[in-house]
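> show me how the following folds:
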Amino acid sequence: MKIDYMIMENYEKDYFSLDEIMQVVCTTFGIEKELLISKSRAKPLPEIRYIFFYLAKYNAKVKEKKVNLQIIADYCNRKTHVSVLHGIRNYKTWYITDKKFREKADAVKLIRAEIKLFN
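I've put the predicted structure just below:
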């Protein structure tokens, strides 16, 4: 998997916007935002979507407040926050049990860590 490195413009951030996280995830996996937030359940999309959900929950802020699950659901065209909660639970389970999924998730985490170091 080729990892594209991106440097965020704001140098003082500990948290990122949902758009910034979406951009990093989409660039890392080479997919369009519209495809990621679609209703499609084609093989790689749910995994990538769950990575986004997890990163958004723990790394995003909107107007200086941490985002809640419903904000993430609305951003991804989901009906309720339960979809996001389900995705985060799957992320945690798959991260422990699936080596390939863990490699994908770590690739995005690595980019986030490097962004923070460069800033």
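> what's stretch 52-66 in contact with?
15-18, 21-22, 25, 36, 67, 69, 71-72, 75-76, 84, 87-88, 91-92, 105, 108-109, 112 (Cβ atoms under 8 Å, 6 or more residues apart in numbering). (Each C-beta comes from the backbone N, C-alpha and C, glycine too.)
> buried set for that stretch?
Counting neighbours by 16 or more other Cβ atoms under 10 Å, one finds that the buried residues in stretch 52-66 are 52-57, 59-60.
> from the chain's centroid, how far away is that stretch?
9 Å (Cα atoms, centre = their mean, to the nearest Å).
> now could you export just the CA positions of it as CSV?
Presented in CSV, the C-alpha positions along stretch 52-66 are these (Å, rounded to 0.1, in the frame of the first residue of the first chain):
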residue,chain,number,x,y,z
PHE,A,52,-12.6,7.0,9.4
PHE,A,53,-15.3,6.7,12.2
TYR,A,54,-12.6,5.7,14.8
LEU,A,55,-10.3,8.5,13.8
ALA,A,56,-13.1,11.1,13.7
LYS,A,57,-14.4,10.1,17.2
TYR,A,58,-11.0,10.4,18.8
ASN,A,59,-9.2,13.1,16.7
ALA,A,60,-11.9,15.5,15.5
LYS,A,61,-13.2,18.8,16.8
VAL,A,62,-15.9,21.1,15.5
LYS,A,63,-15.9,24.6,16.9
GLU,A,64,-13.5,23.7,19.7
LYS,A,65,-15.7,20.8,20.9
LYS,A,66,-15.1,17.1,20.3
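> where do the helices of this protein begin and end?
With helices called from DSSP state H, the chain shows them at 18-29, 33-36, 44-59, 69-75, 81-97, 99-118.
> and the second one, what does it pack against?
Using 3 or more Cβ pairs under 8 Å, 6 or more residues apart in numbering; DSSP states H and E as the contact definition, the elements that helix 33-36 packs against are helix 18-29, helix 44-59.
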